Structure formats: structure tokens, C-alpha cells
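J.: below is the sequence, then the predicted model.
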Amino acid sequence: MEEKHLAHVSDAPVSSSPTLSSEDLSDVNIQHILDALEPGLDSFVADNSVPLNAPKSVQPQAPSGTKKPKKRNYDPNKARSERLHELRRLRLEATGLEQKLQQLKMGQNDPNSSLQQKNPSDFVPAVWEEICARQFERRLRAEQENCRLKKKYRVETKMIQSIEKLLFKRFSLQSMSLDAGKSVRRLDIPADFIKDVANRIFEQLEAGNEVSYHEVERILEVKCPIPVDVATRIPFKSEEGLSIELFDRRILPFNLRETSEAWWRRWQHYRGQYCYENMGDVIRERCGLEMADDTTDTTATFYAQQILRRHVEENRVVVVWNAYFEPFTFHDKRVRGVHILFKGYVLMKPIKSADEDATQVVTCYNITPHFSDPKMQEDAETNALVKFVVSATSANISTSKEALENLLVDEALR
């Protein structure tokens with residue numbers, strides 16, 4: 001029955017219609033043909049017993065020559081058109097990229113290329129690149145430090161308020177008269193006594209300064225474990241008996257005069273309480289000192305006396321430093337029976353290069369602990385204190401280098 005019906009469909013009036021050209025086989029004509037086939041297909045699905053001699057009145061009439069087919073207002077192959085458009089765009093991009101690649105290859109192979117005509121002096125020196133990187137890190141650290149200080153300020157403000165309340169309460173209690181009688185109270189130490197003790201220490205430090213000046217060449221040029229052409233990022237540590245030495249070498253792209261003056265001003269900026277007026281190239285001071293490590297929440301306090309002497313010579317500047325540190329507390333506990341002697345050597349020499357002046361700064365700190373009882377050398381808490389002092393001094397050397405570099409850069413930008 002299906003074969004008969006299909007035969008009937010194949011005999012549809014399409015064959016009897018006028019001959020259609022390729023132009024007439026448009027989407028509209030195809031739709032007319034499908035509309036003509038649709039009633040036959042519907043009747044075939046509903047009833048398979050459709051007679052073969054079905055009426056031929058359903059044949060579509062060929063469109064008249066005067067009636068134009070309607071154009072659709074949408075693209076039935078929209079997805080295909082979009083993919084075709086994307087393919088054309090990618091081909092254009094690929095062509096452009098290939099042309100750029102060929103130009104770059106030609107530029108590299110050309111010995112007269114502008115990239116190869118640049119002299120090494122045209123590029124930014126590596127030392128300036130490092131300085132820029134450190135300046136960027138300096139700004140980041142400053143922002144972090146500002147946040148930390150704001151937080152610390154809020155905490156300390158609350159602490160101050162609580163202390164004010166406590167003091168007010170204490171004064172209120174003291175207003176009540178206590179039993180009259182014997183009492184013990186603290187007094188300030190007479191200034192003359194403190195001055196005599198400080199003078200004895202200063203005399204020893206001055207004698208050490210004279211010896212240190214004559215040791216500069218042996219310590220920083222002969223004995224220095226750092227090669228001459230190597231700049232250290234962190235101080236190099238060397239141990240010899242009880243003494244611990246920290247070596248550092250830095251090259252700065254500034255002349256000797258600028259570098260030495262900046263070094264001296266930086267030290268004076270960090271001065272504490274001093275008992276003598278500074279005279280020219282000599283600094284004598286005594287002060288209380290605190291060393292802190294926020295990462296381990298460790299703090300140590302010291303009584304310090306120190307003497308710096310600067311020697312300005314024709315082709316170099318030498319700074320020698322001798323100091324006496326006596327610890328007060330470590331881990332909030334009183335420390336007794338130990339003091340630490342520091343010896344510092346700084347040698348600044350010019351380095352002549354083809355492009356610009358530069359200065360080499362070599363530093364050495366010698367740290368020697370002294371114990372009132374030799375058994376204290378085996379004490380774990382005392383050894384921890386000495387290691388903490390060495391670590392804090394090493395960090396201070398690195399911080400001083402950055403401060404010196406920042407001072408020179410700031411002055412150059414003015």
C-alpha cells in the first residue's frame with residue numbers, strides 16, 4: 001500500500017506543471033511544493049488505504065509571472081553564517097600575525113637592526129634596576145608599616161586610658177593618710193656618679209678606636225672573606241672563638257663625597273641620648289637601647305655607650321666604631337653577669353667606571369660577649385641572648401644599607 005501511495009505522490013502534478021528554471025527553485029517554490037505534499041502525507045498517516053486514483057486537484061499552481069515571492073526577514077542558516085564570518089576574521093588575524101612574525105625575524109637577522117645598534121650604555125644599569133625594585137619594596141613596606149602602626153596606636157590608646165584610670169584610683173588611695181613611720185623609696189642616682197662611670201667606659205672605647213683605625217686594612221681588605229667584586233645581599237657571618245664577625249659589601253652609584261656624607265648623616269639621625277657634644281668627626285653618646293624581633297615576639301633592652309670616629313682621607317673615608325652594651329632584660333627577665341663589646345669598621349672607596357662614579361662600602365662588625373662567670377657560657381638563656389644580638393645586628397646592617405640608599409636617592413631626586 002505504501003508503494004502505491006508513493007507512486008501516487010510521484011505522479012503529482014509537479015511533473016505536469018510548466019518547466020521551472022533554476023531561478024524559480026527558490027525557497028518560496030520549495031515551500032509551495034512541500035505544502036502540496038503535506039495533505040497527501042497526512043492522509044497516508046491517518047489511513048493507509050488511500051486509493052491510487054486520488055484527485056489531482058491538490059497540485060500547486062505555478063506562480064504567475066506578475067506575482068513576486070515574499071522574502072524572509074530572517075536567515076534560516078544563521079549559525080552557519082556566523083561560523084563563516086568568524087572563520088574569515090580568524091584568517092585575517094592569522095595573516096596579520098604571520099606578517100608581524102616575518103618582520104621580527106627579518107629584524108633579528110638584519111645586522112644593521114636598531115635593536116643591535118644600541119650600546120650597552122644606553123640600557124639602564126643593573127644597579128639602578130635593583131635600586132628601583134628596592135624603592136618599590138620600600139613603598140610596600142611603608143604601607144604595611146602604616147597599617148601596623150595604626151593598629152598599634154589603637155591598642156596603646158586603650159592601654160593609656162586604662163593606665164589613666166589606674167593612676168587616678170591610686171592617687172585617690174594615696175590621699176588617705178597611712179601610718180606615719182619608716183618608708184623606703186627610690187631616688188635618682190647622682191649625676192656625678194653616673195658621669196664618672198661613663199667616663200671610665202669612654203676612655204676604654206677611645207683606646208679601642210685608635211687600635212681599630214690601624215686594623216681597617218687588615219680586617220676589610222686582607223681578612224675579608226667576601227671577594228672584591230661581589231656585593232652581599234645579607235651580611236656574611238664568621239665565628240672565631242667567642243667573637244662573631246659580620247661582613248657586608250655594597251656598591252652604590254654615587255661618588256665618594258656624597259656617599260660618605262649621607263652615611264654620616266644617617267648615623268646622626270638615629271642617635272639617642274648623648275652626654276657630650278659631638279665634635280667634628282667624632283660622636284660620643286650613651287643611651288638606652290631596645291632590640292626587638294616582631295616575628296618571634298622577642299625584646300631585649302640595653303645600656304649602651306659608643307664612640308664613632310670618621311677619618312676623611314684623599315681617596316677613602318674610614319669610620320671606626322667601638323661600643324659597650326650591657327643588657328637589662330631579655331624575654332622580660334633581668335640579665336646579669338654579661339656585657340657585649342662591639343667593634344665596627346667601615347671603609348668607603350671610589351670605583352671609577354666608564355659611565356659614572358661609584359663607591360664601594362665595606363662593613364665589618366665584631367661582636368664579643370664577656371661573662372663575669374665562665375660557667376655562663378654554657379647557660380642556654382645567655383647563649384640565646386648572644387644569638388639574638390647577632391641576629392638583630394645583622395638585620396640592622398641590612399636596614400642601614402637601605403636607609404643609606406634611600407637617603408642618596410631622595411637627595412638625587414630633589
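T.: Structure's in. What do you need?
J.: the one helix or strand Glu137 maps to packs against which elements?
T.: For Glu137, the host element (DSSP states H and E) is helix 126-174. Counting contacts by 3 or more CB pairs under 8 Å, 6 or more residues apart in numbering; DSSP states H and E, helix 126-174 packs against helix 380-413. Just so you know, the C-beta spots here come from the backbone N, C-alpha and C atoms, and that holds for glycine as well.
J.: buried stuff in the helix it packs on?
T.: Applying a neighbour-count criterion of 16 or more other CB atoms under 10 Å, one finds 382, 385-386, 388-390, 392-394, 396-397, 400-401, 403-409 buried in helix 380-413.
J.: what's the answer for stretch 346-357, then?
T.: Val346, Leu347, Met348, Lys349, Pro350, Asp357.
J.: so Asp248, which of the three states?
T.: strand (DSSP: H, G, I helix; E, B strand; the rest coil).
J.: count of neighbours near Asp373?
T.: Asp373: 11 surrounding residues under other CB atoms under 10 Å.
J.: need the nearest residue in space to it, chain neighbours excluded.
T.: Closest residue to Asp373 apart from its sequence neighbours, by CB to CB, 6 or more residues apart in numbering: Gly337 at 5.8 Å.
J.: okay, now the one you found: neighbour count?
T.: Using other CB under 10 Å, Gly337 has 13 other residues around it.
J.: could I get the contacting residues of it?
T.: Neighbouring residues of Gly337 by CB atoms under 8 Å, 6 or more residues apart in numbering: Phe371, Ser372, Asp373, Met376.
J.: Trp264 and Leu404, how far apart?
T.: The span separating Trp264 from Leu404 equals 10 Å under the rule CB to CB, to the nearest Å.
J.: give me the phi and psi angles of the residue nearest to Asp373.
T.: Backbone torsions of Gly337, given as degrees, to the nearest 10, read phi 80, psi 20.
J.: pLDDT score assigned to it?
T.: At Gly337, the model reports a pLDDT of 90.
J.: can you check Val319 too?
T.: 94.
J.: ok so it is a helix residue?
T.: No. Counting by three-state DSSP, Val319 is located in no helix; its state is strand.
J.: now it: closest residue in space, sequence neighbours ignored.
T.: Nearest to Val319 is Val346, by CB to CB, 6+ apart, at 4.0 Å.
J.: could you measure Ala403 against Ile397, distance?
T.: Applying CB to CB, the value for Ala403 to Ile397 is 11 Å.
J.: Ile163 now?
T.: Taking CB to CB as the measure, Ile163 and Ile397 are separated by 36 Å.
J.: same check, this time on Thr299
T.: From Thr299 to Ile397 the distance is 20 Å (CB to CB).
J.: Lys152 too?
T.: Lys152 is 25 Å from Ile397, by CB to CB.
J.: for Arg134, same thing?
T.: 15 Å.
J.: can you pull out the strands in the chain?
T.: Under the criterion DSSP state E, the chain carries strands at the ranges 236-240, 243-252, 282-293, 298-312, 317-330, 333-334, 338-352, 357-371.
J.: lowest-confidence stretch among the ones you listed?
T.: Looking at the strands of the chain, the bottom one is strand 236-240 with a mean of 76.
J.: buried ones in that one?
T.: Phe236.
J.: before we move on, what about stretch 90-102?
T.: Per 16+ other CB under 10 Å, stretch 90-102 contains no buried residues.
J.: and it, average pLDDT?
T.: For stretch 90-102, the mean confidence score works out to 86.
J.: next one: stretch 391-398
T.: Rounded mean pLDDT across stretch 391-398 is 88.
J.: burial count for Glu210?
T.: Using other CB under 10 Å: Glu210 sits among 11 other residues.
J.: and if you look at the one 10 residues further on?
T.: With neighbours defined by other CB under 10 Å, the count for Leu220 comes to 20.
J.: surely it meets Lys349?
T.: No. With contacts counted by CB atoms under 8 Å, Leu220 stays clear of Lys349, the gap being 9.7 Å.
J.: name the residues contacting each of those two.
T.: Joint contacts of Leu220 and Lys349 (CB under 8 Å, 6+ apart) are Val362.
J.: which ones are touching Lys237?
T.: With CB under 8 Å, 6+ apart, Lys237 has these contacts: Ile244, Glu245, Leu246, Val390, Ser394.
J.: against Val320, how distant is the closest residue to Lys343 other than its chain neighbours?
T.: Of all residues not flanking Lys343 in the chain, Asn366 sits nearest, at 4.2 Å (CB to CB, 6+ apart). Relative to Val320, Asn366 is positioned 11 Å away (CB to CB).
J.: more neighbours, the two?
T.: Val320 (23 against 20).
J.: how does this structure divide up, domain by domain?
T.: 2-46, 125-157, 192-413 (automatic domain parsing).
J.: most tightly packed of the ones you listed?
T.: With neighbours taken as mean count of other CB atoms under 10 Å, the domains of the chain reach their highest mean count in domain 192-413, at a mean of 16.
J.: now do that domain: distance from first to last residue.
T.: 48 Å (CA to CA, to the nearest Å).
J.: just stretch 238-257 next, same as before
T.: Rule used - CA to CA; the end-to-end distance of stretch 238-257 is 30 Å.
J.: beta partners of the closest residue in space to Ile340 that isn't next to it in sequence?
T.: Once flanking residues are discounted, Ile340 sits nearest to Phe325: 4.4 Å by CB to CB, 6+ apart. Phe325 forms beta bridges with Ala304, Ile340, as assigned by DSSP bridges.
J.: thought Phe325 was touching Tyr303?
T.: Yes. If you go by CB under 8 Å, Phe325 and Tyr303 touch, sitting 7.5 Å apart.
J.: between those two, which contacts overlap?
T.: Leu289.
J.: test my guess that Arg286 contacts Ala198.
T.: Yes. Assessed by CB under 8 Å, Arg286 is found in contact with Ala198 at 5.6 Å.
J.: which ones are touching the residue nearest to Val127 when sequence neighbours are not counted?
T.: Nearest residue to Val127, sequence neighbours excluded (CB to CB, 6+ apart): Pro253, at 5.2 Å. For Pro253, the contact set (CB under 8 Å, 6+ apart) comprises Pro125, Val127, Trp128, Ile131, Glu356, Asp357, Ala358.
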